[in-house]
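>>> mind looking at a prediction? Sequence and model below.
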Amino acid sequence: MPVPVTEAASPRRLIRDEVFQRLLQAIVDGDLLPGEQLYDAEIERWVGVSRTPVREALNQLAAMGLVEILPQRRTRVTPIDPERVRQLIATVGVLVTGVVRDATPLLTDDDREALGTAADGDAATAVRTGLSADGFVGVYVRRLDNGTIARLLNRHLPEVQRALNAVSSDAALEKARGSVKALADAAVAGKADKAARAAADLFDKTLPAIADDFAATQKETR
Amino acid sequence: MPLPVSDTAPVERRLLRDVVYGRLYEGILDGTLEPGETLLDEKLTAWLGVSRTPIREALMKLADLGLVEMAPNRYTRVAPIDLKAIDEAIYTTGLLHEKAARTVVPTIDTATIAKLDKALKEVKKTAKTRELPALGNAFNDFFLELVRAGGNEVLIAMSEGLSPQLLRYVSVWHTPFGIDDLPGALGDILAAVKERDGAKAGDLIKGLYSGTLTQFLQDYRRRDVDIAQSPVF
């Protein structure tokens, strides 16, 4: 007979998730720098847990592409590669544009209210928040209720976020904010095709421009 | 000073994991390992003749694709067929394939078109003989060729990662795709591809997959009150 185990009795999973979240946040925010070497012992001390959950969390981050593990050699934060950032933006854009097109008719009054303030604040905040569970992407993905797309975005958005956090080009961010505003306005007005066009604009034009700026600054610093 | 480590050990281990992964993947998709079947480490080590580590690594990768479910200290099993998850995955796949067509088709090369011709021939043959797993593979190959031609590694990996759900779908074949309609639908898409008409190919693909959204909204999407209780994102 299998030993009955309740959900609450799996603290190991909770610890791993906690370590994962802390490392993820540090990488996305840039506290752990692109290319920075990661040592198990340091992370164990920092988070205050044993080696197993640290390795599990690192494996999970490696699967997302945020960490590189060369077995028995080194583990490091994956450097930012502008070409990969472009590919990520394009791919995430396909999902988000599709969801915007198909879920606009499903939006509730609360959703429209949340979208009404989507482009407020400074450009960097508006764009970064927009592309998270707290922004328009979150509103739309929750409303469509497609768990597969939610899982894929959870996997790839942090890497996009990290790239956005690493750039400081105000002009490019301001243009991207314009796309977010156009998208939100069309969504509030219930115009699905127009909102989808704004989403395509964001992911095919204004966000890739940020990746281009980043590539240019990287070249300069080399 | 760090000890010098040769490259051979990790490489061999990686290959072993890939072999184990391949066997389990095939076993799940062809039904040798049944949906819901419990996977015991000791039985898998006996079956595949390898140690526990590569098996655990392969299982983690399969769990990531949604083909295996792992609940620590409780069970590891072949994921039961989940029609909602399959519908979601095919809808998502449709978005990726539509985009790939719109991007790739205007400048597609003849080598890719030859591959598409070959995949379509296989779709026609297997649809006629009702060889379902083979039809699923051929259908999937047709679109993966288009996706691969685009060269976006992230998009290619995502498409490939969703493939198992599409392939599993053929084992419980019903709407939204009719078996007899497929060869014609793919034939129309290929004709648009040959005209280098990306917009037309994209529209046809959108139409081909549109049933997945209709079905999702009808049968699988939860009510707004339930969404508020446990949002997916």
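Yes, it's here.
>>> residues in contact with the spatially most central residue of chain A?
For chain A, the residue nearest the mean C-alpha position is A:Leu157 (2.1 Å; CA atoms, centre = their mean). A:Leu157 makes contacts with A:Val92, A:Leu131, A:Ser132, A:Val137, as judged by CB atoms under 8 Å, 6 or more residues apart in numbering or on different chains. The C-beta positions use only the backbone N, C-alpha and C, and glycine is treated the same way.
>>> helix, strand or coil for it?
Under DSSP: H, G, I helix; E, B strand; the rest coil, A:Leu157 falls in the helix class.
>>> now do B:Thr76
strand.
>>> for chain A, which residues are neighbours of chain B?
Residues of chain A lying near chain B by CB under 8 Å from any CB of the partner chain: A:2-3, A:5, A:10, A:12-13, A:59, A:63, A:70-73, A:84, A:87-88, A:90-91, A:94-95, A:97-98, A:102, A:108, A:133, A:138, A:141-150, A:152-154, A:156.
>>> helices - which of the residues you listed land there?
A:12-13, A:59, A:63, A:84, A:87-88, A:90-91, A:94-95, A:97-98, A:102, A:138, A:141-144, A:147-150, A:152-154, A:156 (DSSP state H).
>>> filter those residues to the buried ones?
Neighbour-count burial (16 or more other CB atoms under 10 Å in any protein chain shown) is assigned, among those, to A:59, A:84, A:87-88, A:90-91, A:94-95, A:97-98, A:102, A:138, A:141-144, A:147-150, A:152-153, A:156.
>>> run a quick neighbour tally on A:Asp122.
Residues near A:Asp122, counting by other CB atoms under 10 Å in any protein chain shown, number 11.
>>> for it, phi and psi?
Note on A:Asp122: backbone dihedrals following degrees, to the nearest 10 are phi -70, psi 160.
>>> now B:Met70
phi -120, psi 120.
>>> what's around it, how many residues?
15.
>>> that one contacts B:Leu59, doesn't it?
Yes: counting by CB atoms under 8 Å, B:Met70 does reach B:Leu59; the two are 6.6 Å apart.
>>> residues in contact with both of these two, list them for me.
What both B:Met70 and B:Leu59 touch, as defined by CB under 8 Å, 6+ apart, is the set B:Thr76.
>>> what residue ranges in the chain score low on pLDDT?
With no chain named, the answer covers chain A. Applying pLDDT under 70 to chain A picks out residues A:1-13, A:168, A:220-222.
>>> nope, chain B
For chain B, the ranges with pLDDT under 70 are B:1-14, B:171-177.
>>> distance of the residue nearest the centre of it relative to B:Arg222?
With distances taken as CA atoms, centre = their mean, the residue of chain B nearest its centroid is B:Ser163 (0.6 Å). With distances taken as CB to CB, to the nearest Å, B:Ser163 is found 26 Å from B:Arg222.
>>> what strand or helix carries the closest residue to B:Thr212 other than its chain neighbours?
The spatially closest residue to B:Thr212, leaving aside those adjacent along the chain, is B:Tyr91, at 4.1 Å (CB to CB, 6 or more residues apart in numbering or on different chains). Assigned by DSSP states H and E, B:Tyr91 belongs to helix B:83-104.
>>> remind me what that helix packs against, helices and strands.
helix A:82-103, helix A:147-166, helix B:132-149, helix B:153-169, helix B:198-215 (3 or more CB pairs under 8 Å, 6 or more residues apart in numbering or on different chains; DSSP states H and E).
>>> tell me which of those sits nearest to A:Ala198.
helix A:82-103 (8.0 Å; CB to CB).
>>> give me the helices and strands touching that closest one, please.
Using 3+ CB pairs under 8 Å, 6+ apart, helix A:82-103 sits against helix A:136-144, helix A:147-166, helix A:192-201, helix A:207-221, helix B:83-104, helix B:153-169.
>>> now those as TSV including distance to B:Gly31?
Converted to TSV, the helices and strands packed on helix A:82-103 look like this (distance: least, CB to CB, whole Å):
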stretch	distance to B:Gly31
helix A:136-144	31
helix A:147-166	22
helix A:192-201	39
helix A:207-221	43
helix B:83-104	15
helix B:153-169	10
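>>> re the thing from before, tilt between the helix holding B:Tyr91 and helix B:132-149?
40 degrees (axes from the mean of the first three to the mean of the last three CA atoms, to 10 degrees).
>>> right, and the helix or strand after helix B:83-104?
helix B:110-129.
>>> next, the buried residues of that following helix.
B:Thr112, B:Ile113, B:Lys115, B:Leu116, B:Ala119, B:Leu120, B:Glu122, B:Val123, B:Lys124, B:Thr126, B:Ala127.
>>> isn't B:Leu33 up against B:Arg23?
No: assessed by CB under 8 Å, B:Leu33 is found out of contact with B:Arg23, at 9.8 Å.
>>> of those two, which one has the most company?
Between B:Leu33 and B:Arg23, counted using other CB under 10 Å, B:Leu33 has the larger neighbour count: 21 against 17.
>>> got the contact list for the more buried one?
Counting by CB under 8 Å, 6+ apart, B:Leu33 has contacts B:Leu24, B:Gly27, B:Leu39, B:Val78.
>>> can we see that at 6 Å?
B:Gly27, B:Val78 (CB atoms under 6 Å, 6 or more residues apart in numbering or on different chains).
>>> likewise for A:Val137?
A:Val96, A:Leu131.
>>> try A:Val100
A:Tyr140, A:Ala195, A:Ala196, A:Ala199.
>>> excluding residues flanking it in the chain, which one is nearest the second one?
Yep, that's A:Ala195 we're talking about. A:Ala186 is the one closest to A:Ala195 (CB to CB, 6+ apart), at 3.8 Å.
>>> neighbours of that neighbour, just the number please.
So A:Ala186, with other CB under 10 Å, has 21 neighbours.
>>> do stretch B:133-143 and chain A meet?
No: applying CB under 6 Å from any CB of the partner chain, one finds stretch B:133-143 out of contact with chain A, separated by at least 13.7 Å.
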